[in-house]
Every structure is written in structure tokens, then in C-alpha cells.
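Q: predicted structure and sequence below. I'll ask about it afterward.
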Amino acid sequence: MLHFSTIKDLKVNLNSFRRNKKRIGFVPTMGALHAGHLSLIKKAKKESDIVVCSIFVNPTQFNEKDDFKNYPRTLDSDMQMLESENCDVLFCPDENEIYNYRKTDTSIYNFGYLETCMEGLYRPGHFKGVAYIVHLLFNIVEPYNAYFGEKDFQQLVIIKNLVKQFNLPIKIIPCSTVRESDGLAMSSRNIRLNSDERKAASLISKTLIEAKKKVNKLDVGNVKKFVIDRFKDHSLIKVQYFDIVNSESLQSVTSWNNDIKIIGCIALFAGKVRLIDNIFF
Ligand code: AMP
């Protein structure tokens, strides 16, 4: 695996791949890699000639300094995992490298309701920060395809919108959520759960699956209530939001409709660790 920390070196190498008509698949990450990330790398490997993975813990998308400071950083094991998947190129810039390349006022990114609902309500400015870094990485890597997990569903919708707004010639490929054996969506944050919180967190996907079974038996409002009530008196889990929305517009739906794809999205704290998950209904 080639490993670059400067934009200049990365670009020189990627340009030579491109000159040889190689198609570049790109997987942007913040590191602390797990099988969820590797599923994106695997998919990219199948569909591209060269796979580039970036690891950059993006300060502009964190709302709390402590969350940024405590975000797990595990470069050695990340590199081993990427090698084992035959990832071709790893790009690990530091903050200076990124900010000296282009310091953009993130207010140029505007996604309207898509960035103010759900995650946006609790993490103001988060998606502008994501868009800034992903746009910058897209400009540097110039991939043919870029791979994003459905686990961060609102982010996926925002990135698709970014590509459309800026007319970028990049295909965004959604990838299904990879889960632990008890259903918990894999996340770099899971390692911060203690054993009681970890046990409690398995309730999240179980509850979403039960909620899905209630579609068409209960109305939308009562399915929402079912999920919220399940955690109401839980000592370790505090739900921030659960919403049932149109998977394109992210507008809340009020009735079931087979003509649109509907998704239920949840965010909660298990102890001090913030987790998100979702399910297609
Ligand atoms: P992150 O490092 O958290 O920024 O994630 C990098 C990419 O991996 C994003 O596109 C995420 O949506 C994706 N991802 C994270 N966790 C999972 C998972 N459990 N299954 C599938 N994709 C994931």
C-alpha cells in the first residue's frame, strides 16, 4: 500500500494512475477502522482499479472539543487492516496540510432542510464541516466513485446533494450498514462503551427491527411512540430523536406510502457515547 501525507505527493501518483486510465475508487474515513469501513474498501476494490482511503479526523465537523479530542486514533491497526484488504493508497494528511491547501468559509455550503433536520438540530454546522472536507478531498483525489455508509444516512444524502450542487463528476455509492453479531451498528465510538452500555446499545437495532414489523399495523405516530417509549425509563440510554422520514427529502412522513422509500433514524446517548442508527421501512 502506498502511503502519503502530502497532497502534492498524492496528486503526482494519482495523476500517473489516471494517465494509465485507472479508475479511482475513494473511501474517506476518520480512521479507527472496523469491519464497517472495510466493507466500503471491499466494494471499492471490486468496482475500481485503484482504491484510495483517506484518514483525517476532521475538526470542523465536531461540535464538542472533547468529542474531537477523545475520538479514537489507531493508525497502526488501521494500516494493517487496509493492507489486509489490499487497499492501494492511504492518504493521511495533518491539519496544516489540509488547511494550507484551501481554507474555505464553510457558509458557502448550503443544504437547507437537509442539514438542519435530525442530526443538524443537535449538531449545528456539522454538515457544513463535513461538506467542506469531503469537497476538498474530492478535489484532491478526483475519484470516479466514492463510497459512503448508509449508517450515516443523513451524511450520505448531504454528500449526494454536494455532488449535484457543485456538478462534480463523481458517482456516490451507498453501502449497507455492517453490524456486530447482536445487531449493534459498528462504529468507531463503540469502543468507548463500558460493558453495561454496550449491552444496552444492542437494544437500538432490536427496537428498530420491532418497529419495522409494526409498519402498516400502527400509524406513523404510534410507531414513533413505540420506539421512544421503549427507551423512556432506561437508565443508560437517552434518546435525542427518532424520526420517520422520506429518504430523499428527509421530511417527516405522516402516513405510510409504498411509493417512497421511508427510513427511521435514531440518535441517542448510551452513557456519554452518542450513537446513531437507522432502518428502511
Ligand atoms: P467515519 O470514519 O465514521 O467518518 O466513517 C467513514 C465511512 O464509513 C462513512 O461513509 C461511514 O458511513 C462508513 N461507516 C461507518 N460505520 C459503518 C458501518 N457500520 N457500516 C457501513 N459503513 C460504515
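A: Cool, the structure landed.

Q: looking at it, residue 145 is touching residue 46, isn't it?
A: No. Using CB atoms under 8 Å, residue 145 is not in contact with residue 46; the gap is 10.5 Å. Any C-beta I mention is one placed from the backbone N, CA and C, and that applies to glycine too.

Q: who's more crowded, the two?
A: Applying other CB atoms under 10 Å to residue 145 and residue 46 shows that residue 145 carries more neighbours, namely 18 against 9.

Q: just the pLDDT for the more buried one.
A: For residue 145, the pLDDT comes out at 98.

Q: for it, name its beta-bridge partners.
A: Residue 145 has these beta-bridge partners by DSSP bridges: residue 25, residue 171.

Q: joint contacts of residue 145 and residue 46?
A: Residues touching both residue 145 and residue 46 (CB atoms under 8 Å, 6 or more residues apart in numbering): none.

Q: looking at the stretch 101-250 of the chain, what residue ends up closest to the ligand?
A: Going by CB to the nearest ligand atom, the ligand is nearest to residue 149 of the stretch 101-250 of the chain, at 2.4 Å.

Q: for the ligand, what are the nearby residues on the stretch 151-281 of the chain?
A: 151-152, 175, 177-178, 185-188 (CB under 6 Å from any ligand atom).

Q: where is the longest helix in this protein?
A: helix 195-213 (DSSP state H).

Q: I'd say residue 162 and residue 114 touch.
A: No. Under the criterion of CB under 8 Å, residue 162 makes no contact with residue 114, lying 10.1 Å away.

Q: just checking, what packs against the lowest-mean-pLDDT helix or strand in the chain?
A: Every helix and strand of the chain was ranked by mean pLDDT, DSSP states H and E. The lowest is helix 65-70, at a mean of 84. If you count contacts as 3 or more CB pairs under 8 Å, 6 or more residues apart in numbering; DSSP states H and E, helix 65-70 packs onto no helix or strand.

Q: contacts for that helix next, please.
A: Helix 65-70 has contacts (CB under 8 Å, 6+ apart) with 57, 59, 62, 192, 274.

Q: what's the closest of these to the ligand?
A: The ligand lies nearest to residue 57 out of the contacts of helix 65-70, by CB to the nearest ligand atom, at 8.5 Å.
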